[in-house]
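**Student:** Structure of the sequence below:
(chains A and B)
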Amino acid sequence: MITLKINGRALETDASPDTPLLWVLRDHLGMTGTKFGCGKSLCGACTVHVDGSATRSCVTPVENVVGKEIRTIEGLSKDRSHPVQQAWMELDVPQCGYCQSGQIMSATALLERNPNPTDADIDSAMAGNICRCGTYPRIRAAIHKAADLMKGAAK
Amino acid sequence: MSPLSNDLKLGRRDFLKGSLLASGGLLIGVTLTGCGKAAPVGPGGSPVAWLHIGGDNSITIIIDKSEMGQGVYTSLPMLIADELDVPLSMVKVEFAPADKAFINVFLGTMITGGSTSIREGWSKLRTAGATARAMLVGAAADAWKVDPTQIKVADGKLTGPSGQSATFGEMADAASKREAPKDAKPKDVKDLKLVGTATKRLDTPNKVDGTAEYGIDVKLPGLKYAALSQSPVLGGKVKSVDSTTAEKMPGVIKVVTTSSGVVIVADHYWQAHVARDALKISWDDGVNAHLSTASIRAGLANAKGAPLTARKDGIGAAGVKGGKKTVSATYELPMRAHATMEPMNCTADVRADGCDIYVGTQIQQIAQATAAAAAGMAPEKVGVHTTLLGGGFGRRLEVDFIPAAVEASKAIGAPVKLIWTREDDFTHDAYGPPAHNSATAALDASGNPSAVHLNVVGPSITARMFPPVVAKPGTVDPFMVEAAANYLYDVPNVQVDVLRHEIGINVGFLRSVSHQLNAFMVESFMDELAHSAAKDPFEYRRALLIKQPRAKRVLEEAAARSGWGKAPAGTHQGIAVMEGYGTYLAAVADISLVDGKAKIGKITCVVDCGQKVNPSIVESQIVSGMVFGLPQALWSEVTLEDGKVQQSNFDSYRVARMNDVPTLDVLLLDSTEAPGGIGEPSVAVVAPAIANAIFAATGKRVRDLPLAKSGLV
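**Tutor:** Numbers count the residues shown, from 1 in each chain, chains lettered A, B, ... in the order given. Next up is the predicted model:
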């Protein structure tokens, strides 16, 4: 058995150690908020945080994250109260929505290390997350909005 | 907590069959013969309905279209809720089961496509809402012994002249016993309150916390997981399988040879995925063993046969011969992939008594028939549970990912979720069709076209998917002449011809379908004519749109908004205009040259889509289409060698990323016209606008897509 620290809880899985974290989350632990998109770290749909860094779970063997803090979309807040989720709702960002867990996790990681991102910072941090519905302009606006909300909360 | 919090999960999927019917209340259904005429269906009646009002005052709106990002989960309920004068927050939304009652009257089967959801629902759903309202009001009028006109409706409540008050729920049972009015009229458009407002999407909350349920997320007791190995050569078949090693791998339950290829079923998905690589399969490559992009292109270029004429004005093509000057050009369009973010998948549960499929589909009845055939059951034994779609774009009009899941479930006697890899998805798509389009025109002494002849050559999607539509000899495939047969310009002699030439592999509906193929021809060619006549491309078009006020208006507004003709030094502009799906739109691309290559700075798009149900969703769809059209203009191409698709993932098939997207400036015009479709048209205007800007910048006319092949982007 492997024990993982996910969203502040210790969870056990009998998955083989080389199973990608993505499939452990989705299949073994039933946490389907993290999505499968490409399997090759090319689209960002599977983005989670590992020790605070945006990480593509589709290419991360689960054995590599034992003992690390894993955060998924389910762990961002209990009630959609995270500023990034608030901003996403305020601007009605999602269309089909499939990529949005990954977008939100990438955006959150960006804002945690850079509370005042410029458009160029956002483009660079988000270039690994594909959205085929083309929600990019609203994502960019929502990241700025979330940055404002976070500053307001910090005051 | 919002009443919508759990709506995107499948927990209440059986509601139409059971619980709500048992609870009584008012169901407003549809007659099976009239096109969208609302009629009541009481408990025990046919369980198809547009809405249900429960005794507990729950209001459930059933939508017949799939939510794939385009917003129907919000905009269709808005149409009904407005008639009922209930706030959207009181409404629950359910997806309809597969049933002929939900046939899309524009398209003849239950289908989400063709940018029809609002156009088709506009009258139908408002009438259903108005019928329910009239029945509730009638019930209250009888109960209170007052005239129906004295009853006010607001916020889900009925109020009488002497202060009587009842919720919809309290009147639902009485209302359901009444005769449905045959002539319930929807509100006058000017009285609509919700419709026309930028109402927040109902599906957003569950899409920001990971709880929205797509097909790939479906959970069932005892669910097993499957991976599929398909012939690398398109159309090939399994010759023989050695699964000895694979079957011994951890978690593997069974290897099943299906009609689609070899399926590995395992306890967990990754086990099936890994074991798939251990299969030793010998394939019969079939007739496509030597098919290549070069052979397909040559086939289209040299296609023989008598074309069909889709439109002929005046003397048609014969008019080209008499001109002062003739211009002709050929445009080549490549195959393209859909690349929805959610790879194809289907969950099937085949039992002795029936079968259920849980699937993101745009085409429920055909999905049902397909699953039924695979299960060996009658279609009515198959329940289709439509989940949210992680992108559709026409890919989920196909049902090729359904049979293998059903066959595997039947083989192991347990529910199976079959998931395609991204590589499966790219290499086994029903590709956007290629085309070899040519245009010829004659110009008169003043440089205006006196005759235009458009000739479209390509494979027919319709012939495979809806064969009856083109079964009669001489029938033009309507989907092949989009944005060509509706040629907008005022030219006395116009002929639009189409020649079907099949290419040996499946082509499918891809967002905006032939609009993008033909608008690229028509609008590039219009630019060529303007330059041949030494006229400004905008002014040239404007003069020829004198009889097309809506097209002329969007063109003029786009020119004004983009500062046409006043671009700063180093910025070059290209323009394109189109009508598609009842929507008129014009785009202006601003580009600059960096090291001889085009850098797209901005695309302006002005849209007249008639009345807007939800302007925020309309805006997002226009932007969405532009972001979808951008890579198809610049980079996207599926190529074949030895019958195998050469692109397999997002590293070899480039789509737009955030840092690729220029400024997108969208203006939605006010309009009282009937609603037009908004999911698709903007895809098609991007490529011609950019190609025309490239000509303005370089003097080079690029007639092949994607534009990157020219070396100029």
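
**Student:** Now do the same for the closest residue to chain B within chain A: helix, strand or coil?
**Tutor:** Chain A approaches chain B most closely through A:G33 (2.0 Å), counting by CB to the nearest CB. Quick note: C-beta positions are derived from backbone N, CA and C, even for glycine. At A:G33 the chain is in coil, as set by DSSP: H, G, I helix; E, B strand; the rest coil.

**Student:** residue closest to the middle of the chain?
**Tutor:** Just so you know, I chose chain A. Against the mean C-alpha coordinate of chain A, by CA atoms, centre = their mean, the closest residue is A:M105 at 2.2 Å.

**Student:** my question was about chain B
**Tutor:** B:G113 (4.0 Å).

**Student:** Please state the backbone phi and psi of the residue of chain A closest to chain B?
**Tutor:** Backbone geometry at A:G33, expressed as degrees, to the nearest 10, gives phi -70, psi -30.

**Student:** so how far is the longest helix along chain A from its chain's centroid?
**Tutor:** Ranked by residue count under DSSP state H, the longest helix found in chain A is helix A:136-154. In this view, helix A:136-154 has its centroid 16 Å away from the chain centroid, taken as CA atoms, centre = their mean, to the nearest Å.

**Student:** thinking again about what came up before, read off the pLDDT value for the residue nearest to the centre of chain A.
**Tutor:** For A:M105, the model assigns a pLDDT of 98.

**Student:** tell me the phi and psi of it?
**Tutor:** Here A:M105 shows phi and psi, under degrees, to the nearest 10, equal to phi -70, psi -40.

**Student:** Now do the buried residues in the longest helix of chain A.
**Tutor:** A:136-140, A:142-147, A:149-150 (16 or more other CB atoms under 10 Å in any protein chain shown).

**Student:** Equivalent analysis for stretch B:549-560, please.
**Tutor:** Buried, per 16+ other CB under 10 Å, within stretch B:549-560: B:550-559.

**Student:** Save those residues as TSV, and put in pLDDT and distance to chain A too.
**Tutor:** What follows is those, written out as TSV (pLDDT from 0 to 100; distance: CB to the nearest CB, whole Å):
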residue	pLDDT	distance to chain A
B:R550	98	25
B:A551	98	25
B:K552	98	28
B:R553	98	25
B:V554	98	21
B:L555	99	24
B:E556	98	25
B:E557	98	20
B:A558	98	18
B:A559	98	23
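
**Student:** For those, could you give me TSV that also reports secondary structure?
**Tutor:** Listed next are those as TSV, based on three-state DSSP:
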residue	secondary structure
B:R550	helix
B:A551	helix
B:K552	helix
B:R553	helix
B:V554	helix
B:L555	helix
B:E556	helix
B:E557	helix
B:A558	helix
B:A559	helix
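
**Student:** Out of those residues, the closest to B:Y487 would be?
**Tutor:** Of all these, B:Y487 sits closest to B:A551, with 10.9 Å by CB to CB.

**Student:** Surely that closest one is in contact with B:Y584?
**Tutor:** Yes: with contact defined as CB atoms under 8 Å, B:A551 counts as touching B:Y584 (5.2 Å).

**Student:** any common contacting residues for those two?
**Tutor:** B:V577 (CB atoms under 8 Å, 6 or more residues apart in numbering or on different chains).

**Student:** now the strands for chain A?
**Tutor:** A:2-6, A:9-13, A:47-50, A:53-56, A:69-71 (DSSP state E).

**Student:** hey, which of these is tucked in deepest?
**Tutor:** Ranked by mean neighbour count, these are led by strand A:47-50 with a mean of 26 (mean count of other CB atoms under 10 Å in any protein chain shown).

**Student:** Mind giving me the packing neighbours of the longest helix of chain A?
**Tutor:** Judged by 3 or more CB pairs under 8 Å, 6 or more residues apart in numbering or on different chains; DSSP states H and E, helix A:136-154 is in contact with helix A:83-90, helix A:100-113, helix A:119-126, helix B:615-634.

**Student:** Next to chain A, which bits of the stretch 601-713 of chain B? Give me the list.
**Tutor:** Residues of the stretch 601-713 of chain B lying close to chain A (CB under 8 Å from any CB of the partner chain) are B:616, B:620-621, B:623-628, B:649-651, B:655-659, B:661, B:664.

**Student:** Please pick the buried ones from those.
**Tutor:** Buried among those (16+ other CB under 10 Å): B:616, B:620-621, B:623-628, B:649-650, B:655-658, B:661, B:664.

**Student:** Would you tell me which of the strands of chain A gets closest to B:R311?
**Tutor:** That would be strand A:47-50 among the strands of chain A, by CB to CB, at 49.7 Å.

**Student:** What strands line up against the closest one, and which way round?
**Tutor:** strand A:53-56 (antiparallel), strand A:69-71 (antiparallel) (DSSP bridges).

**Student:** Among those strands, which comes closest to B:L279?
**Tutor:** Closest to B:L279 of these is strand A:53-56 (CB to CB; 26.8 Å).

**Student:** could you list every residue that touches B:A198?
**Tutor:** Contacts of B:A198 by CB under 8 Å, 6+ apart are B:614-616.

**Student:** In contact with residue 72, which residues?
**Tutor:** All of this refers to chain A. A:6-7, A:25, A:31, A:33-34, A:48-49, A:101, A:105, B:210.

**Student:** Oops, wrong one, chain B.
**Tutor:** B:V72 neighbours (CB under 8 Å, 6+ apart): B:63, B:65-66, B:112, B:117-118.

**Student:** Which residue, neighbours along the chain excluded, lies closest to it?
**Tutor:** Using CB to CB, 6 or more residues apart in numbering or on different chains and skipping the chain neighbours, the partner closest in space to B:V72 is B:K65 (4.4 Å).

**Student:** can you tell me which residues contact the one you found?
**Tutor:** B:72, B:76, B:104, B:112, B:117, B:121.
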